[in-house]
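[1] Below: sequence and its predicted model.
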Amino acid sequence: MKRYLITAIAIFALLAPAAAGAGVRHFTGPVVPSGSVSFRATTHSGKVTKVRPGFTFTHVPMTCDQGPQTVSGNFNFAMRVKHRHFHGTGVFTGGGTVAVTGAFTQHGRKAHGTISISGDFTAIGVTGCSGDHNWSAHKG
């Protein structure tokens, strides 16, 4: 019985640091000149390894044939982080695209990047849209 207990304790001691090193961080921040971004990122041993599905952007401005508009949405896919950088592109109804690029600071507490909008967003009744904006976010 003692051998089993000692073995179980040894296995737990080996596995505990690996579990303690992994986690999820939540980031939020503004888009310039208006709007916001929000996302969760997976960390391992203090380094950000993945932006989880659900990168959300709200009220991001764009210029369309019909005049100024805003777009909101989210990405339902994960984005791999390599050398602290990530990117992804979502295609919306009607062919409009929203592309995001980002980079984390060395310690993974802040992130910044660009969000680029182009195309037709028929779901909200606009065409010929475009916009490139900087965003920043911090760990919340």
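    Nice, I can see it. Residues are numbered from 1 along each chain as shown.
[2] quick one, longest strand in the protein?
    strand 126-139 (DSSP state E).
[3] Against which helices or strands is that one packed?
    strand 22-30, strand 36-44, strand 55-64, strand 67-75, strand 110-121 (3 or more C-beta pairs under 8 Å, 6 or more residues apart in numbering; DSSP states H and E). Every C-beta, even on glycine, is put in place using the N, C-alpha and C of the backbone.
[4] switch to 10 Å and redo it
    Under the contact criterion of 3 or more C-beta pairs under 10 Å, 6 or more residues apart in numbering; DSSP states H and E, strand 126-139 touches strand 22-30, strand 36-44, strand 55-64, strand 67-75, strand 97-104, strand 110-121.
[5] For my notes, please list these in TSV and give distance to Gly88 for each entry.
    Shown next, in TSV, are the helices and strands packed on strand 126-139 (distance: least, C-beta to C-beta, whole Å):
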stretch	distance to Gly88
strand 22-30	15
strand 36-44	10
strand 55-64	7
strand 67-75	6
strand 97-104	6
strand 110-121	11
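[6] Between these, which one is closest to Gly140.
    Ranking the helices and strands packed on strand 126-139 by their distance to Gly140 (criterion: C-beta to C-beta) puts strand 22-30 first, at 4.9 Å.
[7] pLDDT averaged over that closest one - what is it?
    With pLDDT averaged residue by residue, strand 22-30 scores 94.
[8] Packing partners of it?
    Counting by 3+ C-beta pairs under 10 Å, 6+ apart, strand 22-30 packs on strand 36-44, strand 47-51, strand 97-104, strand 110-121, strand 126-139.
[9] can you do 6 Å?
    Helices and strands touching strand 22-30, by 3 or more C-beta pairs under 6 Å, 6 or more residues apart in numbering; DSSP states H and E, are strand 36-44, strand 126-139.
[10] Save these as CSV, and put in distance to Ala22, mean pLDDT and mean neighbour count too.
    Shown next, in CSV, are those (distance: least, C-beta to C-beta, whole Å; pLDDT from 0 to 100; neighbours: other C-beta atoms under 10 Å):
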stretch, distance to Ala22, mean pLDDT, mean neighbour count
strand 36-44, 5, 97, 19
strand 126-139, 16, 97, 17
